[in-house]
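Asker: just coords:
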């Protein structure tokens, strides 16, 4: 992916983690910058990386002892 420095939305959606609909929604909301090339909407690698880095970090939740494997308790 991103061999040419930019990818079409369909390619990004195929490789995940976001669906085509979610990518277009991020563009519409101004969270992701896109460009047009002919009839294709493309995303530059730098823009994609910035978008991914801007996603919130997962909140770390402590695991209870019951959630640990039996041999780890």
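Answerer: Great, that's in hand. Just so you know, these numbers come straight off a predicted model, no measurement behind them.
Asker: would you list every one of the helices in this protein?
Answerer: Counting by DSSP state H, the chain has these helices, from start to end: 9-15, 20-28, 45-54.
Asker: for the ones you listed, which one sits closest to residue 38?
Answerer: helix 9-15 (13.6 Å; CB to CB). All C-beta spots, glycine's among them, are computed from the backbone N, C-alpha and C.
Asker: among the helices of the chain, which is nearest residue 60?
Answerer: helix 45-54 (18.2 Å).
Asker: Would you mind getting the angle between that closest one and helix 20-28?
Answerer: For helix 45-54 against helix 20-28, the angle by axes from the mean of the first three to the mean of the last three CA atoms, to 10 degrees is 100 degrees.
Asker: Give me the distance from helix 45-54 to the chain's centre.
Answerer: In this view, helix 45-54 has its centroid 8 Å away from the chain centroid, taken as CA atoms, centre = their mean, to the nearest Å.
Asker: For that helix, which helices and strands make contact with it?
Answerer: Counting contacts by 3 or more CB pairs under 8 Å, 6 or more residues apart in numbering; DSSP states H and E, helix 45-54 is packed against strand 6-8.
Asker: gap between the strand it packs on and the chain center?
Answerer: 13 Å.
Asker: buried residues in that strand?
Answerer: Across strand 6-8, burial judged by 16 or more other CB atoms under 10 Å covers 6-7.
Asker: in its sheet, what does the top strand by length along the chain sit against?
Answerer: In the chain, assigned by DSSP state E, the strand with the most residues is strand 40-44. Applying DSSP bridges, strand 40-44 is found paired with strand 6-8 (antiparallel), strand 35-37 (antiparallel).
Asker: now what about that strand, what contacts it?
Answerer: 5-9, 12, 23, 27, 32-36, 51 (CB atoms under 8 Å, 6 or more residues apart in numbering).
Asker: could you flag which of those are buried?
Answerer: The neighbour-count test (16+ other CB under 10 Å) marks 6-7, 9, 12, 23, 27, 32, 34, 51 as buried among the contacts of strand 40-44.
Asker: mind putting these in a markdown table, distance to residue 59 and pLDDT included?
Answerer: Converted to a markdown table, the buried ones among the contacts of strand 40-44 look like this (distance: CB to CB, whole Å; pLDDT from 0 to 100):
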| residue | distance to residue 59 | pLDDT |
| --- | --- | --- |
| 6 | 33 | 94 |
| 7 | 30 | 95 |
| 9 | 29 | 95 |
| 12 | 26 | 95 |
| 23 | 24 | 97 |
| 27 | 27 | 98 |
| 32 | 23 | 97 |
| 34 | 29 | 97 |
| 51 | 20 | 96 |
